[in-house]
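Asks: here's my sequence, what's the structure:
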Amino acid sequence: MELFAKISLFFQAGGTFMFPIAVVAVFGLAIVIERFVYLQKAQSENRTLWAKLLPLVNSGRFEEAEKLAAGSHTAIGRVLGYGISRSRGATNREEVETAMEESLMEVTPQLERRTHWLATFANVATLLGLLGTIIGLIHGFAAVGDVNPSQKQDQLAASVSVAMNCTAFGLMTAIPFMLLHSWLQSKTDELVDSLEMASVKFLNSLGLKS
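Replies: Numbering: from 1, shown residues only. All right, here's what the predicted structure looks like:
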């Protein structure tokens with residue numbers, strides 16, 4: 001209860017700009033949770049499907065592999081399914097490789113979707129914190145204009161302390177979002193790299209000439 005009371009007091013002391021920063025924090029947290037769940041699920045499903053597709057591809061059972069890929073909504077299923085479909089009648093490796101690159105370009109934005117908003121939210125939270133502090137300082141200086149000189153220093157110090165709460169809250173929101181953005185982006189890059197690796201292995205199994 002004491003911790004909650006301190007947090008509540010800190011929030012109230014920061015002024016009105018604490019509320020938009022809190023809204024940014026809520027939206028950012030929702031994106032983090034959604035992206036984490038999505039990427040974890042995509043990674044697990046890709047591995048499961050690839051474990052089933054690889055033996056079929058290596059043994060040349062492309063029709064079975066294509067049916068399996070077509071029945072899946074995973075990223076690797078879409079990329080390899082498109083590649084298997086285009087490999088029929090292909091005379092060289094470049095035709096299939098180009099087709100798979102096109103499919104990969106369609107899949108990648110879905111994996112990266114909304115992640116970039118975390119960096120934007122981090123910047124917005126920082127700027128809102130600074131703006132709230134500046135406005136708080138303006139009000140603080142204006143309020144001590146007609147105050148007794150002996151009380152000005154105490155009131156000004158109190159105003160500055162309150163105003164800095166807004167900057168602190170903005171940074172407390174921004175720093176984790178920057179770290180989470182980098183982490184989620186690295187997980188996305190790993191997924192894209194795994195798709196590229198699977199594409200290369202599939203192309204090599206076709207035995208087509210360049």
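
Asks: so what's Ser8 up against?
Replies: Contact analysis of Ser8 by CB atoms under 8 Å, 6 or more residues apart in numbering lists nothing. In short, each C-beta sits where N, CA and C put it, glycine included.

Asks: is Pro73 in a helix, a strand, or coil?
Replies: Just to correct that, residue 73 is His rather than Pro. coil (DSSP: H, G, I helix; E, B strand; the rest coil).

Asks: dump the residue contacts of it.
Replies: Per CB under 8 Å, 6+ apart, neighbours of His73: none.

Asks: pLDDT score assigned to it?
Replies: His73 is assigned a pLDDT of 84 by the prediction.

Asks: distance of it relative to Ser44?
Replies: Distance, His73 to Ser44, using CB to CB, to the nearest Å: 13 Å.

Asks: and Ala51, by the same measure?
Replies: Using CB to CB, Ala51 is found at 11 Å from Ser44.

Asks: tell me, how many residues neighbour Arg78?
Replies: 19 (other CB atoms under 10 Å).

Asks: so what's it up against?
Replies: Applying CB under 8 Å, 6+ apart to Arg78 gives the contacts 69, 72, 103, 106-107.

Asks: now intersect those residues with the strands, please.
Replies: Assigned to strands by DSSP state E, none of the contacts of Arg78 qualify.

Asks: any weak-confidence spans in the protein?
Replies: The chain contains residues with pLDDT under 70 at 1, 89-91, 143-155, 157-159, 207-210.

Asks: quick check: longest helix of it.
Replies: Looking across the chain with DSSP state H, the single longest helix is helix 149-206.

Asks: and that helix, what does it pack onto?
Replies: Packing partners of helix 149-206 (3 or more CB pairs under 8 Å, 6 or more residues apart in numbering; DSSP states H and E): helix 2-13, helix 18-58, helix 75-87, helix 93-112, helix 116-143.

Asks: tell me the angle of the third one relative to helix 149-206?
Replies: Using axes from the mean of the first three to the mean of the last three CA atoms, to 10 degrees, the direction of helix 75-87 lies 40 degrees away from that of helix 149-206.

Asks: quick check, central residue of this structure?
Replies: Thr115 (2.4 Å; CA atoms, centre = their mean).

Asks: any idea how far that residue is from Asn46?
Replies: In terms of CB to CB, Thr115 sits 18 Å off from Asn46.

Asks: equivalent analysis for Arg88, please.
Replies: As judged by CB to CB, Arg88 and Asn46 stand 24 Å apart.

Asks: the two: who's more crowded?
Replies: Set Arg88 next to Asn46 and count neighbours by other CB under 10 Å: Asn46 wins out with 20 against 10.

Asks: skipping adjacent residues, who's closest to that one in space?
Replies: What sits nearest to Asn46 in space, not counting adjacent residues and going by CB to CB, 6 or more residues apart in numbering, is Ile76, at 4.4 Å.
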